[in-house]
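S.K.: output the structure for:
(one chain, ligands or ions: 1)
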Amino acid sequence: MRKELTKSQERKKKSGLCIKKFCRGKACDRKGFKCHKCYRNDFKERDPASVAYSALKQNVKARNKPFNLTLDEFREFCRANDYLSKSGRMPDNLQVDRIRIDDPRGYHKDNIQALSQKLNGRKYHDYERFGQEAPEYFGEPESDLPF
Ligand SMILES: [Zn+2]
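M.R.: Residues are numbered from 1 along each chain as shown. Predicted structure coming up:
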């Protein structure tokens, strides 16, 4: 289902450049004559959950934690928590948190919750300080926290 290329896209394609407007990246034939970056961006627009899933999985694997979450389970998690529009790097943005840090299943559909970055950071801080005795965080409003 590839769209017809415009004349300028044809020209860029011939010279091996990414067919996206204003992009001077090197094209990859298997990526519809787009560069890696543009391909990834377009893919993200089409299926943001799948891109977020890959990023999470990569990140978890890099930290050597168990990852037992399927893409469909993650999609459900995103829907239930409005995760895709609320995730990010700011303190109030949501992150995927393992409810029990010591649960051997790690990232598993029954062991994850959406927690703000702020609370998640505090949770790990406490975990390091108190170990298993750390108070647990279940995303409750801040006023209900034990301190
Ligand atoms: Zn490009």
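S.K.: I'd say Asn93 and Lys86 touch.
M.R.: Yes. Counting by CB atoms under 8 Å, Asn93 touches Lys86, with 6.2 Å between them. In this view, the C-beta of every residue, glycine as well, is placed from N, C-alpha and C.
S.K.: center of the chain, which residue is that?
M.R.: Ala52 (2.9 Å; CA atoms, centre = their mean).
S.K.: what sits against that one?
M.R.: By CB atoms under 8 Å, 6 or more residues apart in numbering, the residues touching Ala52 are Phe74, Cys78, Tyr83, Leu84, Ser87.
S.K.: of these, closest to the ion?
M.R.: Closest approach between the contacts of Ala52 and the ion, by CB to the ion: Leu84, at 23.6 Å.
S.K.: so that closest one sits right up against Ala49, yeah?
M.R.: Yes. Because the distance of 6.4 Å satisfies CB under 8 Å, Leu84 is recorded as touching Ala49.
S.K.: what about stretch 28-42 and the ion, touching?
M.R.: Yes. Contact between stretch 28-42 and the ion, assessed by CB under 5 Å from the ion, occurs at Cys35, Cys38.
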